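**Q** Coordinates for the following, if possible.
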Amino acid sequence: MKQVGETVPQVTFKYRVRTDGHDICFVNKENGGANPFDWKDVTTDDIFKGKRVVVFSLPGAFTPTCSTSQVPGFEEAYEEMKLLGVDEVYVISVNDTFVMRKWMIDQGVKNIKFIPDGTGQFTSEMGALVCKDNLGFGNRSWRYAMVVDNGVIEFMSAEEGMEDNCPTDPYVESTPDKIIEHLVLTSTPH
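**A** Here you go, the predicted structure:
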């Protein structure tokens with residue numbers, strides 16, 4: 001896995017973004033309605049360049065620990081992280097943009113942003129791609145959380161025991177508390 005001092009991978013993420021200014025669409029083309037979405041390429045530079053951001057990674061949208069602890073925890077800690085000098089907080093998963101968007105709506109997320117790593121390219125180049133065939137998931141991300149300053153990893157905290165088909169799903173080292181501990185020590189509060 002990439003370490004402190006290394007740069008994040010240079011990739012292009014495929015987003016599906018609304019074009020009509022609304023958050024939820026109740027009609028679709030199959031029902032004769034409009035499809036107010038367009039594809040948008042978002043690069044690593046768009047997310048990281050000139051910013052200090054928190055990124056946390058998890059195995060999958062709608063999965064138990066990710067939905068009941070990890071995303072809600074980072075959502076709750078968002079304002080504190082911002083006060084400690086972070087520009088944005090992102091969640092990344094090896095899921096496509098449709099799944100990630102629906103999951104964020106389902107979770108009631110208002111602050112953190114999602115990164116759809118649908119092909120797993122970013123996760124693979126981070127050295128965090130693991131096989132989870134034992135759960136029927138295929139390739140997914142190992143849990144980690146990091147602070148990235150202008151594309152360079154400033155802090156990295158990954159779960160222990162990274163291996164393919166790991167029989168456990170640890171969530172100890174990649175928590176919001178670990179990020180906040182680091183930010184308190186290193187940040188100039190806003």
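**Q** only C-alpha atoms for contact and neighbour calcs from this point on.
**A** OK.
**Q** all helices for this protein, in order.
**A** Remark: helices assigned in the chain by DSSP state H are 44-48, 64-65, 71-83, 97-107, 121-126, 176-186.
**Q** quick one: contacts of the fifth one?
**A** Contacts to helix 121-126, defined as CA atoms under 8 Å, 6 or more residues apart in numbering, come from residues 1, 2, 8, 9, 10, 11, 94, 117, 129, 141.
**Q** any weak-confidence spans in the chain?
**A** 21-35, 188-190 (pLDDT under 70).
**Q** same thing but 80
**A** For the chain, the stretches with pLDDT under 80 are 20-35, 187-190.
**Q** residue ranges of the strands in it, please?
**A** For the chain, applying DSSP state E gives strands covering 12-18, 37-43, 52-58, 88-93, 113-116, 129-131, 139-141, 144-149, 152-158.
**Q** In CSV: these, plus distance to residue 82 and mean neighbour count.
**A** Formatted as CSV, these follow (distance: least, CA to CA, whole Å; neighbours: other CA atoms under 10 Å):
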stretch, distance to residue 82, mean neighbour count
strand 12-18, 24, 18
strand 37-43, 22, 13
strand 52-58, 9, 24
strand 88-93, 7, 22
strand 113-116, 13, 21
strand 129-131, 29, 20
strand 139-141, 25, 24
strand 144-149, 12, 23
strand 152-158, 16, 20
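**Q** residues contacting the residue nearest to residue 115 when sequence neighbours are not counted?
**A** In this structure, residue 115 finds its nearest non-sequential neighbour in residue 92, 4.7 Å apart by CA to CA, 6 or more residues apart in numbering. Applying CA under 8 Å, 6+ apart to residue 92 gives the contacts 55, 56, 57, 58, 114, 115, 116, 117.
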